[in-house]
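Trainee: Sequence first, predicted model second:
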Amino acid sequence: MISSTRPDSSRLLNAAVLPFELLPLEASVAEPSPRPEKIDGRALPLHVPPLPQEGLFSWLQRLSTRLRVSFHTLASHTFGIDDRTGRTVWWHRPHPWTLARISQRTGVKISRLRHMTFETLQPTCRQDEDPGRFAGRRYDTRPPDSREYRFVVCAPCLEADATPHIRLLWQLGWLAVCPLHGTVLLRRCERCHAGLRVSPLATYTPFSPTTCNRCGESLLADRYRMAHPSVANLQGVLLEGKRSGATEIVGMGKFSWQETVALVDTLLGAFWTCTTLAERSAVVARYEDESLEEPGPEQIYDCRHDSLGFLAWLIRGWPDGPGVRIGGEMLLRGLTRSPNRLSRHLTPIWKGYPWSPSPHDFAPEIVARLRKLIEV
């Protein structure tokens, strides 16, 4: 006979549960949650066609603006995606079922939607698609539990747009130069110096990539900074690797995309985490003298363009370039320091310990490939 009485609380306490699972009995027998409603399969009342090279995020922002609803309302009520803060950044690599639902409701073909995501690129490696991924700040600080979605824009591109929109490639976390105009992508408002970001996804704010959402100032100007040739060349190499899975760096040879990210993480990660302040200041001073650039440590620390310029200096002309001696030393430190913090930027605050117990965090074959560079 099945008893209908409540279970004995002492038996619950003796069960194999974790400390945080010891809840009051009333909380453990709460009412069952209601069955989720079935997503409506009807087409939306209006059609917003995607624009050339536009990313899925930009298109959905324009669509929600036309419907006069928040981005979260559109995603949750129309497509069944419940991510109020955008923590998952699901629009970068959405599930095929998600694309099918979006296609069903909007009338846009799945093949077209897929080319608006990063699915046509190499799989993500060590969070290489995160904003400001190769800037010094990412190696020196740990990622927060959540952050507002940041982006960069090319002002000349937006000026030429009949309908301003964010290109898919601009959403790559290390992209610093517009592939079309060769200008440095804007990451901050010139007036208030706030980083470019979208408004909270759960609030309705008309989407305008040409306007700073903090001060309301236009991001368009009369003149724009041209990228340094070394940065444009290095970005081209990285972009080819992200597309095809293989990069070729002059003097270093060919690398897989995973090896490329490991190389960058070791060089820049060792510089920001395995050196003293005096050593970093001396290296930056030498970089300024030999490259005739004056970015300063703050720009290398926080700017996508200048951090790629510093990286280019470390590897240019390998094994005999002006910055190669420093690059070789950083590579050696990164591959031998135990413990190290090369993966500090990949560990969120809630995980606690930011140090890695081993000299490296890469697969043995990747470590062997990097060691060949300093054994020559």
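Mentor: Nice, thanks for sending it over. Residues are numbered from 1 along each chain as shown.
Trainee: Please count neighbours and contacts with C-alpha atoms only from this point.
Mentor: Fine.
Trainee: any idea where the strands of this structure begin and end?
Mentor: Counting by DSSP state E, the chain has strands at residues 246-249, 253-256.
Trainee: Average pLDDT for the last one, rounded please.
Mentor: The one in question is strand 253-256. Averaged across strand 253-256, pLDDT comes to 95.
Trainee: Can I get it in PDB, CA atoms only?
Mentor: Extracted as PDB, the C-alpha positions of strand 253-256 are listed here (Å, rounded to 0.1, in the frame of the first residue of the first chain):
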ATOM      1  CA  GLY A 253      55.400  28.300 -40.500                       C
ATOM      2  CA  LYS A 254      51.900  26.900 -40.500                       C
ATOM      3  CA  PHE A 255      49.600  26.500 -37.500                       C
ATOM      4  CA  SER A 256      46.200  25.100 -36.900                       C
END
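Trainee: re the thing from before, tell me which of the strands of the chain sits most buried.
Mentor: strand 246-249 (a mean of 18; mean count of other CA atoms under 10 Å).
Trainee: and the gap between residue 84 and residue 299?
Mentor: Look at residue 84 and residue 299: by CA to CA, to the nearest Å, they are 33 Å apart.
Trainee: quick one: stretch 324-336 to chain centroid distance?
Mentor: The chain centre lies 25 Å from the centre of stretch 324-336; the measure is CA atoms, centre = their mean, to the nearest Å.
Trainee: oh sorry, the question was meant for stretch 197-205
Mentor: Centroid separation for stretch 197-205 versus its chain: 19 Å, with CA atoms, centre = their mean.
Trainee: Show me what counts as buried in that stretch.
Mentor: Of all the residues in stretch 197-205, those buried under the rule 16 or more other CA atoms under 10 Å are 197-202, 204-205.
Trainee: what's it in contact with?
Mentor: Stretch 197-205 is contacted from outside by 65, 68-73, 84-86, 148-151, 213, using CA atoms under 8 Å, 6 or more residues apart in numbering.
Trainee: For those, which single residue is the most surrounded?
Mentor: Tallying neighbours with other CA atoms under 10 Å puts residue 71 at the head of the contacts of stretch 197-205, with 28 neighbours.
Trainee: Sketch out the low-pLDDT regions of the stretch 151-300 of the chain for me.
Mentor: Within the stretch 151-300 of the chain, the set of residues satisfying pLDDT under 70 comprises 222, 292-298.
Trainee: 80 instead?
Mentor: Scanning the stretch 151-300 of the chain with the threshold set as pLDDT under 80 gives 221-223, 291-299.
Trainee: Break down it into its helices, ranges please.
Mentor: In the stretch 151-300 of the chain, the helices defined using DSSP state H, counting those that start in this stretch lie at 155-160, 229-244, 257-273, 277-291, 296-302.
Trainee: which stretch among those comes nearest residue 335?
Mentor: For residue 335, the closest of the helices of the stretch 151-300 of the chain is helix 257-273, at 7.3 Å, according to CA to CA.
Trainee: May I have the closest one exported as PDB, CA atoms only?
Mentor: Output of helix 257-273 as PDB, limited to C-alpha atoms (Å, rounded to 0.1, in the frame of the first residue of the first chain):
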ATOM      1  CA  TRP A 257      43.700  27.600 -35.500                       C
ATOM      2  CA  GLN A 258      44.000  25.900 -32.100                       C
ATOM      3  CA  GLU A 259      47.800  26.300 -32.200                       C
ATOM      4  CA  THR A 260      47.400  29.900 -33.300                       C
ATOM      5  CA  VAL A 261      45.300  30.800 -30.300                       C
ATOM      6  CA  ALA A 262      47.700  29.000 -28.000                       C
ATOM      7  CA  LEU A 263      50.600  30.900 -29.500                       C
ATOM      8  CA  VAL A 264      48.900  34.300 -29.000                       C
ATOM      9  CA  ASP A 265      47.800  33.300 -25.500                       C
ATOM     10  CA  THR A 266      51.300  32.200 -24.500                       C
ATOM     11  CA  LEU A 267      53.000  35.400 -25.900                       C
ATOM     12  CA  LEU A 268      50.500  37.900 -24.600                       C
ATOM     13  CA  GLY A 269      49.500  36.000 -21.500                       C
ATOM     14  CA  ALA A 270      53.200  35.600 -20.400                       C
ATOM     15  CA  PHE A 271      53.800  39.300 -20.900                       C
ATOM     16  CA  TRP A 272      50.800  40.400 -18.700                       C
ATOM     17  CA  THR A 273      51.100  37.700 -16.000                       C
END
